[in-house]
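J.: here are the coordinates; sequence isn't available:
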């Protein structure tokens, strides 16, 4: 038995070392190297020129008309700027202000390229800067939206492009109450009038009118794109999608990773009449939603200017033919803001945006994950603390699954009663494992015991665990949500560590040693729960059950604190429930005896 136990421990610990090295050391080092390389490339790009926004073209031909290609980033000063402030100062601007966002609209190109979020900070420190979502071309981490027109190949019609300076009324400010009206006269009898409006949240509407006062008909193709320079460091890995995203009619959701787009260069779904496309981060997103009649050609595009990468989601609409004396219009909405669940759902419902709620990556268990969020959010409205709401949800879940758990714990209590017989069978057939197993199965059958029943409580909580993990990881509502004490962000790991005595030693341990108070509490509660059950007669199983709490403590240490708190609280409720059932069944609770047995060594028999 001792040799078997030692072998199992050696295998388990070796696997843990390998997995731990890959996950906590090699993986982070590779990620840091990748981020450093991206920073180097971005720095080189700042001196060699910014990536270009590429406007869709009619019939696959370059834009015509004697103007720079629509969407081209070309500044009258340096090609790139040392700071965001310098980039903002390079073009005339109209202030933007709503209850939730602030920034400005560039008159040069008519771009929406300066946007920050009032309700969100970079860190949990309330004095930290507001989150900046959009930045102008030429700035570090440029990210902006552009709308315009392209003319058919060979057509000399002048259309507004990235270098066009639109005219705005003196003293104009874009607010929910005061839309911004921009005009551009192309000198050929055609006036372009752009009206930008915004609601009290994060949804813009850009309505373009083409007024033809000339003597000949004009044809133009409306387009729009959102573009970012440089691939950001994504946080989700395989947990959520960050990158290009869209919903295209009946085809449904399409998600494209930055790496996939960089490899393919361009991805062009079929034209659709209904849908949207854009770029999504973990908590923020931009999305273009063409409105009105007609179809549009969506596209995801990757371009390079020197070493810099640029990622773009764009569309090209059906042509507008404007007869002399006539006016044609085109309409598009732009979402640019935080992915708040209720707001996204409201936009999907009120504006009729197909599957707009998929902007938030609820995962394969959508039917479980989203209701889980709404349940937690509803309880939060009642108690004012997401951590307490999670504790209450745990109690509700335990109540729902009480009949199943009750049956499981009754079965385990019965196993406790027959443990002496199990030990006797093990000793009787210690040299014949086959007969030992057959005798055990006959005993289970006679006593009507399911030996696997003890696994049911764990199996039941696995989908709940993953649903809660997804909610904590992807929903912005959980971002920077405090609990009590040192937990000021339920979506982040416990910031304390046993290995610096929880902050008493002035040393920052490496990630794999960041085992905080709540992971330790979770491991203890898991250990206590397991020690309520009879020790498995098989030495290998006993070793696994003994070391599992320790393994889970280190595994869950890097998980969101809210998830660890849920697991610890769930274990505590399970211990109370199981103890009560065992008492009712007349089974002696030998918790302390089992714990002492675990830590005591058997003395060799004297001869």
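T.: Alright, I've got the coordinates. Keep in mind that this is a model prediction, so the values were computed, not measured.

J.: how about the host helix or strand of residue 183: buried residues?
T.: Assessed by DSSP states H and E, residue 183 sits inside strand 180-185. Of all the residues in strand 180-185, those buried under the rule 16 or more other C-beta atoms under 10 Å are 180-184. Heads up, the C-betas are built off the backbone N, CA and C, glycines and all.

J.: all helices for the stretch 51-200 of the chain, in order.
T.: 84-89 (DSSP state H, counting those that start in this stretch).

J.: and the buried residues of strand 180-185 as JSON lines, adding distance to residue 317 and pLDDT?
T.: Listed next are the buried residues of strand 180-185 as JSON lines, based on distance: C-beta to C-beta, whole Å; pLDDT from 0 to 100:
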{"residue": "180", "distance to residue 317": "22", "pLDDT": "98"}
{"residue": "181", "distance to residue 317": "21", "pLDDT": "98"}
{"residue": "182", "distance to residue 317": "19", "pLDDT": "97"}
{"residue": "183", "distance to residue 317": "21", "pLDDT": "97"}
{"residue": "184", "distance to residue 317": "19", "pLDDT": "97"}
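
J.: Quick check: of these, which lies closest to residue 337?
T.: When those are compared for distance to residue 337 (C-beta to C-beta), residue 180 wins out at 17.8 Å.

J.: if we take the buried residues of strand 180-185, which one ends up nearest to residue 562?
T.: Looking across the buried residues of strand 180-185 and measuring by C-beta to C-beta, the closest to residue 562 is residue 180, at 41.3 Å.

J.: Might you report the residue contacts of that closest one?
T.: Residues counted as contacts of residue 180 (C-beta atoms under 8 Å, 6 or more residues apart in numbering) are 94, 105, 168, 172-174, 195-197.

J.: Ranking by neighbours, what's the top pick from those residues?
T.: The member of the contacts of residue 180 that has the most neighbours, counting by other C-beta atoms under 10 Å, is residue 105 with 28 neighbours.

J.: I'd say it and residue 174 touch.
T.: Yes: using C-beta atoms under 8 Å, residue 105 makes contact with residue 174 at a distance of 5.9 Å.

J.: Pull the most distant pair out of the buried residues of strand 180-185.
T.: Pairwise over those, using C-beta to C-beta, the maximum falls at 180 and 184, 13.5 Å.

J.: who touches both of those two?
T.: Between them, residue 180 and residue 184 share no contacting residue, judged by C-beta under 8 Å, 6+ apart.

J.: for the stretch 301-450 of the chain, what spans make up the strands?
T.: Ranges of strands in the stretch 301-450 of the chain, per DSSP state E, counting those that start in this stretch, are 308-317, 320-322, 327-338.

J.: so which of those strands gets nearest residue 266?
T.: Nearest of these (C-beta to C-beta): strand 308-317, 9.3 Å.

J.: Longest helix of the protein, counting residues only.
T.: helix 561-584 (DSSP state H).

J.: could you say what helices and strands it packs with?
T.: The contact analysis (3 or more C-beta pairs under 8 Å, 6 or more residues apart in numbering; DSSP states H and E) places helix 561-584 against helix 386-400, helix 402-417, helix 456-474, helix 517-531, helix 539-556.

J.: To residue 249, which of those lies closest?
T.: Per C-beta to C-beta, nearest to residue 249 of the helices and strands packed on helix 561-584: helix 456-474, 25.2 Å.

J.: Distance from the chain centre to that closest one, please.
T.: 16 Å (C-alpha atoms, centre = their mean, to the nearest Å).

J.: For that helix, enumerate the helices and strands it packs against.
T.: Helix 456-474 packs on helix 366-383, helix 386-400, helix 402-417, helix 561-584, going by 3+ C-beta pairs under 8 Å, 6+ apart.

J.: Contacts for it next, please.
T.: Residues contacting helix 456-474 (C-beta under 8 Å, 6+ apart): 236, 239-240, 282, 360-363, 365, 368-369, 372-373, 376, 390, 393, 397, 401, 404-405, 407-409, 478, 490-491, 559-560, 562-563, 566-567, 570, 574.

J.: Stretch 389-406 now?
T.: With C-beta under 8 Å, 6+ apart as the criterion, stretch 389-406 contacts 372, 375-377, 379-380, 382-383, 456-457, 460-461, 464, 468, 490, 562, 565-566, 569-570, 573-574, 577, 581.

J.: what about 7 Å?
T.: 375-376, 379-380, 383, 456-457, 460, 464, 562, 565-566, 569-570, 573, 577, 581 (C-beta atoms under 7 Å, 6 or more residues apart in numbering).
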